[in-house]
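my questions concern the predicted model and sequence given below.
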Number of protein chains: 2
Amino acid sequence: MYSPIVSTQKRPSRQERPGTRERLVRSTQELLWERGYVGTSPKAILERADVGQGSMYHHFTGKSELALAAIRRTAEEMKQTAEECLTGPGTAYDRVAAYLLREREVLRGCPVGRMTQDRDVVHSPVLRQPLDEMFGWLRGRIAEVLAEGQRRGELAAGLDPVAGAATVAAVVQGGYVLARAADDTAPFDAAVQGVLALLAAQVTPAAG
Amino acid sequence: MYSPIVSTQKRPSRQERPGTRERLVRSTQELLWERGYVGTSPKAILERADVGQGSMYHHFTGKSELALAAIRRTAEEMKQTAEECLTGPGTAYDRVAAYLLREREVLRGCPVGRMTQDRDVVHSPVLRQPLDEMFGWLRGRIAEVLAEGQRRGELAAGLDPVAGAATVAAVVQGGYVLARAADDTAPFDAAVQGVLALLAAQVTPAAG
DNA sequence: GTCTATATTTTGATAGAC
DNA sequence: GTCTATCAAAATATAGAC
């Protein structure tokens, strides 16, 4: 992975300005989060990256290829953030709670979930793939944690790990929607507290 | 409200073609659902409504005013649909289940929730207001149903109706997100089944 | 590799005929 | 009220100099 000829990846010797390609990807990540795919113009990307028009079309064939790189990056970052919460210490409940309660910029919404509302993204198999992969992984990973909790006797055997995992993931995504509609983080917090309380009722008395 | 001079509202004598204004609103509702605010051009609206450009700017000052009419209409329709489920027969659990399990075009997403992902909508107090009102009402209405269930002894007293209501609403909105990412309704159904199972654990043995 | 023209199409709206 | 020009700006690329 680290050959001077092949690698155009980051060589982070101190804090130098990232390369053009890297700046283009990061700017696109930000803009896709804020405005979505249709709402993000090449011009806006160039201006934010402080790069000329030619540079963009040198590194990428166009808007969609650049968006793909940005979406992949965002999905990967989100996956790592979630993994840190779900692999932390404590019981299964603790780890799911850590995921639900982790710090978030609630009113900005989820940068991955945001993309599911974009026609051009979900209608393109290649652009949708990173979203599918990320949320599929997330639901699977939460289900694993819940199933592990059951094996350890922490959680009621009657709980369906797959359904429970989908519920947890949906509460977060739906919480963003409710919060943005209200321009207030309260509905997000309420939704999280609600599902945590329901989950707490599944914790076996011995292990709680 | 029904004076021949003032009223330009629907006069539904059999199934005649709706008026120009009405067709513009309906077309806009559809397009906002499919493409969002940024993705919906006046031209697309006109073509779908089969109306000339001048007609649109005669009835509305521009895109945003037309969008406001469409968003208000959609929010109102959504409210009535939800109300029918939540006011139905049966226990509190039954009514919440009726809301969660009602027929939906899952992969199309929620036409109201969709709008929360549109920068121009949430940043405009007047365009966001119908979303806020609708989701605020929904959470309040579900909370009422849950609280009523508690008073009747159907649901555990420990349940927080406000938090539980936010969770139920979030599961639906988040379910849409997960389903669209997967291009498959299964995650939506799993999330709904998950929260219903958790809620069923709050049903008191006597009343279940 | 990066930049500055240039080009085509679409957007969102206005003007004015009928 | 509805229609067909017309328009300035933006979106999305391409061309070609450096």
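Looks like it arrived, so ask away. Numbering: from 1, shown residues only, chains lettered A, B, ... in the order given.

for whichever residue of chain A sits closest to DNA strand C, grab phi and psi.
The minimum distance from chain A to DNA strand C, using CB to the nearest atom of the strand, falls at residue A:54 (1.5 Å). All C-beta spots, glycine's among them, are computed from the backbone N, C-alpha and C. Main-chain torsions, residue A:54, degrees, to the nearest 10: phi -60, psi -40.

tally of neighbours for it?
Using other CB atoms under 10 Å in any protein chain shown, residue A:54 has 9 neighbouring residues.

next one: residue A:104
Look at residue A:104: counted by other CB under 10 Å, it has 18 neighbours.

so it: helix, strand or coil?
The three-state assignment at residue A:104 reads coil, by DSSP: H, G, I helix; E, B strand; the rest coil.

quick one: residues contacting it.
residue A:188 (CB atoms under 8 Å, 6 or more residues apart in numbering or on different chains).

may I see the buried residues of stretch A:72-80?
When burial is assessed from 16 or more other CB atoms under 10 Å in any protein chain shown, stretch A:72-80 yields the following buried residues: A:72, A:73, A:74, A:75, A:78, A:79.

same list, the residues you listed, but as a markdown table with secondary structure and pLDDT please.
Listed next are the buried residues of stretch A:72-80 as a markdown table, based on DSSP: H, G, I helix; E, B strand; the rest coil; pLDDT from 0 to 100:
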| residue | secondary structure | pLDDT |
| --- | --- | --- |
| A:72 | helix | 98 |
| A:73 | helix | 98 |
| A:74 | helix | 98 |
| A:75 | helix | 98 |
| A:78 | helix | 98 |
| A:79 | helix | 98 |
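
which bits of chain A sit near DNA strand C?
Contacts of chain A with DNA strand C, taken as CB under 7 Å from any atom of the strand, map to A:19, A:20, A:21, A:51, A:52, A:53, A:54, A:55, A:57, A:58, A:59.

mind checking pLDDT for the third one?
Think residue A:21. Residue A:21 carries a pLDDT score of 96 in this model.

got a list of contacts for the helix or strand harbouring it?
Taking DSSP states H and E as the definition, one finds residue A:21 inside helix A:20-35. Here helix A:20-35 makes contact (CB under 8 Å, 6+ apart) with A:8, A:10, A:17-18, A:39-40, A:44-45, A:48-51, A:55-56, A:59-60, A:66-67, A:69-71, A:73-74, A:108-109, A:111, A:114-115, B:38, B:119.

counting neighbours, what do you get for the closest residue in space to residue A:69 that isn't next to it in sequence?
Excluding the flanking residues, the one nearest residue A:69 by CB to CB, 6 or more residues apart in numbering or on different chains is residue A:25, at 5.1 Å. Neighbour count of residue A:25, defined by other CB under 10 Å: 23.

do residue A:55 as well
As a burial measure, residue A:55 scores 15 neighbours (other CB under 10 Å).

and what of residue A:81?
In terms of burial, residue A:81 registers 14 neighbours under the definition other CB under 10 Å.

hang on, it is in a helix, isn't it?
Yes - under three-state DSSP, residue A:81 falls within a helix.

ok, it - contacts?
residue A:102.

now do residue A:49
Contacts for residue A:49 (CB under 8 Å, 6+ apart) come out as A:20, A:23, A:24, A:26, A:27, A:56.

okay, residue A:20 and residue A:69: tell me how far apart.
Distance of residue A:20 to residue A:69, computed by CB to CB, to the nearest Å: 13 Å.

does chain B sit close to stretch A:155-164?
Yes - among the residues of stretch A:155-164, A:156, A:158, A:159, A:160, A:162, A:163, A:164 lie within reach of chain B under CB under 8 Å from any CB of the partner chain.

now those in JSON lines, with neighbour count, secondary structure and pLDDT?
As requested, the residues of stretch A:155-164 next to chain B are exported to JSON lines (neighbours: other CB atoms under 10 Å in any protein chain shown; DSSP: H, G, I helix; E, B strand; the rest coil; pLDDT from 0 to 100):
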{"residue": "A:156", "neighbour count": "13", "secondary structure": "coil", "pLDDT": "98"}
{"residue": "A:158", "neighbour count": "10", "secondary structure": "coil", "pLDDT": "97"}
{"residue": "A:159", "neighbour count": "19", "secondary structure": "coil", "pLDDT": "98"}
{"residue": "A:160", "neighbour count": "17", "secondary structure": "coil", "pLDDT": "98"}
{"residue": "A:162", "neighbour count": "18", "secondary structure": "helix", "pLDDT": "98"}
{"residue": "A:163", "neighbour count": "23", "secondary structure": "helix", "pLDDT": "99"}
{"residue": "A:164", "neighbour count": "30", "secondary structure": "helix", "pLDDT": "99"}
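
biggest separation within those residues, which pair?
Of all pairs drawn from those, the greatest distance, 15.1 Å, lies between A:156 and A:162 (CB to CB).

run the chain-centre distance for the helix or strand encompassing residue A:174.
Taking DSSP H and E as the definition, one finds residue A:174 inside helix A:161-182. Distance, stretch centre to chain centre, for helix A:161-182: 13 Å (CA atoms, centre = their mean, to the nearest Å).

what angle separates that helix from helix B:161-182?
With axes from the mean of the first three to the mean of the last three CA atoms, to 10 degrees applied, the angle from helix A:161-182 to helix B:161-182 works out at 110 degrees.

after helix A:161-182, which helix or strand is next?
Next along the chain from helix A:161-182, counting by DSSP H and E, comes helix A:186-200.
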